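**Student:** sequence-free structure coming up:
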C-alpha cells in the first residue's frame with residue numbers, strides 16, 4: 001500500500017487558532033482570582049519586607065510605623081531646665097534691684113486699671129476655682145479609662161506641691177507688691193502658679209490626638225488672661241506672673257515622667273471603648 005505524501009504547506013495553510021482561556025489552575029493568572037496557586041494569594045498575609053509591613057494611613061495612604069514618635073526626650077529634659085534658669089534670672093534681678101525690676105514696676109504701674117472683667121479673670125487663679133476643675137478632670141479621666149488612678153493621684157500631688165513651693169519662695173524673696181497691696185511676699189504669684197499648674201494638668205489628663213493642640217492653645221489663652229487680670233487689678237507685677245509660669249513649667253514636667261505616663265498595653269482609645277458607659 002503506497003503512502004500518500006502530504007503537501008508541505010498543509011501546516012502553513014491551517015487557519016490560526018486563538019489562545020483559549022483554560023479552566024482550573026489557568027485562572028490563577030487572573031489578577032485577584034481565588035484558588036490555589038494564585039500569585040496574589042499572599043496578599044492576605046503580611047509581607048516579609050519591612051516596607052511592606054508598614055502600616056498605612058487613612059484610606060490606604062502611606063503611614064508611619066507605629067508607635068508614632070512623641071516629643072524628643074531631650075526636649076522634655078531641656079524645657080524644665082530653661083524655665084528654672086529664667087526664674088533664677090528674674091529672681092536675681094528682683095533681689096538685687098536690677099534694671100529688669102525697675103522696668104517691670106514702671107510697666108506694672110502703667111497697666112493698673114481695675115475692672116469687673118479683670119477681677120473675674122484674676123479670680124480664675126483662685127484655688128477655690130482651679131482645684132475643683134482639676135479634681136473633676138481627674139475623676140472624668142479615670143472613669144472614662146483614658147487615665148489610671150495612679151496618673152490622677154500624680155496630678156493631685158503635683159497640685160499640692162504648688163503652695164509648698166511658692167510660699168517659701170515668696171517669704172525668701174519678699175518682693176513688695178504694687179501700690180496699696182502691702183509689703184513683701186508677691187513673687188512669684190500664687191494665683192498665676194495655681195492656674196498654670198491646675199489647668200495644665202487638666203490638659204495633660206484630657207487632651208489626646210490632634211485635639212491636644214486646641215487644648216494647648218486654650219490653655220495658653222486662659223493663663224494669659226489670668227495674668228492680665230492680676231496685673232490690671234494691681235494684685236501683682238508682670239514679672240510675678242512670669243515667675244509663676246516658670247514654676248509651673250517645672251512642676252508640669254513631673255506628670256510626664258515615669259511611672260506617671262500612660263502604661264503600655266491598650267491604647268487610651270481602646271480602653272475608652274471598653275469602659276462601661
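**Tutor:** Received it, and whenever you're ready, just let me know what you need. Note that the coordinates shown come from a computational prediction; the quantities given were computed from them, not determined experimentally.
**Student:** so in the chain, where's the weakest helix or strand by average pLDDT?
**Tutor:** helix 268-274 (a mean of 40; mean pLDDT, DSSP states H and E).
**Student:** now the spatially closest residue to residue 117 that is not a sequence neighbour: which helix or strand?
**Tutor:** Setting aside the residues directly before and after it, residue 117 is nearest to residue 229 in space (Cβ to Cβ, 6 or more residues apart in numbering), at 7.6 Å. Where C-beta positions appear, they are placed from N, C-alpha and C, glycine not excepted. Taking DSSP states H and E as the criterion, the element that holds residue 229 is helix 212-232.
**Student:** just to check, the residue nearest to residue 117 is in contact with residue 119?
**Tutor:** Yes - applying Cβ atoms under 8 Å, one finds residue 229 in contact with residue 119, separated by 6.8 Å.
**Student:** between the two, who's got more neighbours?
**Tutor:** A direct count of neighbours by other Cβ atoms under 10 Å for residue 229 and residue 119 places residue 229 higher, at 26 against 14.
**Student:** quick one on the thing from earlier: now do the residue nearest to residue 117 against residue 95, distance only.
**Tutor:** 26 Å (Cβ to Cβ, to the nearest Å).
**Student:** for this protein, just list every one of the helices.
**Tutor:** Applying DSSP state H to the chain gives helices spanning 10-13, 73-95, 99-111, 116-123, 127-144, 149-173, 190-206, 212-232, 238-251, 268-274.
**Student:** number of residues surrounding residue 157?
**Tutor:** Using other Cβ under 10 Å, residue 157 has 12 neighbouring residues.
**Student:** cool, residue 186 as well?
**Tutor:** Neighbours of residue 186 under the rule other Cβ under 10 Å: 23.
**Student:** contacts only, for it.
**Tutor:** Neighbouring residues of residue 186 by Cβ atoms under 8 Å, 6 or more residues apart in numbering: 170, 175-178, 236-237, 240.
**Student:** what does residue 136 give?
**Tutor:** So residue 136 contacts nothing (Cβ under 8 Å, 6+ apart).
**Student:** tell me the confidence at the closest residue to residue 139 other than its chain neighbours?
**Tutor:** Leaving aside its sequence neighbours, residue 139 sits nearest to residue 152 (Cβ to Cβ, 6+ apart; 7.6 Å). pLDDT recorded at residue 152 is 89.
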